[in-house]
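Asks: build me a structure from this.
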Amino acid sequence: MADAHITAQIVLTILSDLSNSLKTREEVEEWADQIIILDELGKVSFEGAYNDNVWDAIKFLSGVALRESENGPYLYGDEDIEETRKLLSNT
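Replies: You can find the predicted model right below:
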């Protein structure tokens, strides 16, 4: 696995791609899961100082494809995605 350099802009782009249906929830969740694994291996760097909002957005995205029940609605709706994007935009 290669190292990852994460910026707020990268995560904002992922959120935007998700909102605009350019990426599926499953694709985004897989990306976030890979970032978490790389972080556990010490292979993630963040632009500038570590940012809680960036990390919180990555953790949110790691569960974005979860459903309330099999074939039920997603645990996190479009409003949650937009709220995460807004919080990260203010970083």
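
Asks: now do the helices in this structure.
Replies: With DSSP state H, the ranges of helices along the chain come out as 8-19, 25-40, 52-61, 78-89.

Asks: now what about the lowest-mean-pLDDT helix or strand in the chain, what contacts it?
Replies: Counting by mean pLDDT, DSSP states H and E, the chain has its least confident helix or strand at strand 44-46, which shows a mean of 86. Under the contact criterion Cβ atoms under 8 Å, 6 or more residues apart in numbering, strand 44-46 has outside partners D3, A4, H5, I6, T7, I35, L38, V54. Bear in mind the C-beta positions are built from the backbone N, C-alpha and C, glycine included.

Asks: go again with 6 Å.
Replies: Residues lying outside strand 44-46 but in contact with it, judged by Cβ atoms under 6 Å, 6 or more residues apart in numbering, are A4, H5, I6, L38.

Asks: which of those sits closest to T84?
Replies: Using Cβ to Cβ, I6 is the member of these that sits closest to T84, with 15.0 Å.

Asks: show me what the closest one bridges to in the sheet.
Replies: The residues paired with I6 through beta bridges, assigned by DSSP bridges, are F46.

Asks: neighbours of it, how many?
Replies: Neighbour count for I6, taken as other Cβ atoms under 10 Å: 19.

Asks: from E68, how far off is it?
Replies: The gap separating I6 from E68 is 29 Å, by Cβ to Cβ, to the nearest Å.

Asks: what's the neighbour count on the nearest residue to I14 once chain neighbours are set aside?
Replies: Take I14 and drop its neighbours on the chain: the residue closest to it by Cβ to Cβ, 6 or more residues apart in numbering is V28, 5.8 Å away. Summarising burial for V28: neighbours were counted as other Cβ under 10 Å, giving 20.

Asks: next one, pLDDT for V28 please.
Replies: Reading off the per-residue confidence, V28 sits at a pLDDT of 98.

Asks: any low-confidence regions in this structure?
Replies: When the per-residue scores of the chain are filtered using pLDDT under 70, the ranges that remain are 1-2, 48-50, 91.
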